[in-house]
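*Asks:* This is a predicted model, with the sequence first.
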Amino acid sequence: MNSVIDLLRGWNGKPSHPPLTDASIGAYTVGVAMLVAGKLGLEEHQMAHGALLAISGGLALAAPTAITGLLDWLQLEKGTTRKTVATIHLLTMVSATLVFAGTWLAQRPGYNHSRIETLGLVLGLAAEALLAIGGYIGGTLVFAYGVRVVGRPDARIADALIPGRLKPAPPPTQTQTNPPEVT
């Protein structure tokens, strides 16, 4: 079982969650852009179909994206700032996914009648806002807190590119994960 979880978390030392987030965020964003374009009168019948298909793709990717993110979340130490920020990211992204599911349901009649449904558009814009916030928080986990980052800027190129050759730096201590207080 552990090997399956290790495979889901990533292979050859590369995490699975980031590329899945890129694909699902891309699908959702294309879907919402099509809803907006269609509502503005640009090929509404085609945009109604394309939007629902793109959002369907994002929803199809939601489960593997969430599973890989949850596996990363489970690795974080309780009581740390990293875990708190990751929990906020998780809740925001689950909320975005639920609103995208609502978008799909609201736009489904528009797919059949080749039109953009106003409720689908409004929900899509709200979901996209949540997605942007959640994505920003996810980026903060990586770039500010170093979650799932090897952290070896001194590594040789061959060691960084060849799977299994680069060993991670020691994890940051709690003091390193808490940003300084702003006064």
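*Replies:* Received, thanks.

*Asks:* Do a quick rundown of the strands in the protein.
*Replies:* Using DSSP state E, the strands assigned to the chain run over residues 10-11, 14-15.

*Asks:* weakest of the ones you listed in terms of mean pLDDT?
*Replies:* When these are compared by mean pLDDT, strand 10-11 comes last with a mean of 70.

*Asks:* now the strands of the chain as JSON lines including distance to A127 and mean neighbour count?
*Replies:* (Each C-beta comes from the backbone N, C-alpha and C, glycine too.) JSON lines is the format used below for those (distance: least, C-beta to C-beta, whole Å; neighbours: other C-beta atoms under 10 Å):
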{"stretch": "strand 10-11", "distance to A127": "27", "mean neighbour count": "14"}
{"stretch": "strand 14-15", "distance to A127": "25", "mean neighbour count": "15"}
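
*Asks:* want to throw those strands into TSV with distance to I162?
*Replies:* Shown next, in TSV, are the strands of the chain (distance: least, C-beta to C-beta, whole Å):
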stretch	distance to I162
strand 10-11	13
strand 14-15	11
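
*Asks:* Which one, of those strands, ends up nearest to W73?
*Replies:* In terms of C-beta to C-beta, the element of the strands of the chain nearest to W73 is strand 14-15, at 12.2 Å.

*Asks:* what's next to the closest one, contact-wise?
*Replies:* With C-beta atoms under 8 Å, 6 or more residues apart in numbering as the test, strand 14-15 has contacts from 9, 68, 72, 148, 163.

*Asks:* My guess is T97 contacts G69. True?
*Replies:* No - using C-beta atoms under 8 Å, T97 is not in contact with G69, being 11.1 Å away.

*Asks:* Report the mean per-residue pLDDT for the longest helix anywhere in the chain.
*Replies:* With secondary structure taken from DSSP state H, the chain has its longest helix at helix 81-113. Averaging pLDDT along helix 81-113 yields 96.

*Asks:* Which neighbouring elements make contact with that helix?
*Replies:* Secondary-structure packing of helix 81-113 (3 or more C-beta pairs under 8 Å, 6 or more residues apart in numbering; DSSP states H and E): helix 17-39, helix 44-74, helix 118-143, helix 174-177.

*Asks:* Can you tell me which of the ones you listed is most buried?
*Replies:* Comparing the helices and strands packed on helix 81-113 by mean neighbour count (mean count of other C-beta atoms under 10 Å), helix 17-39 comes out on top with a mean of 21.
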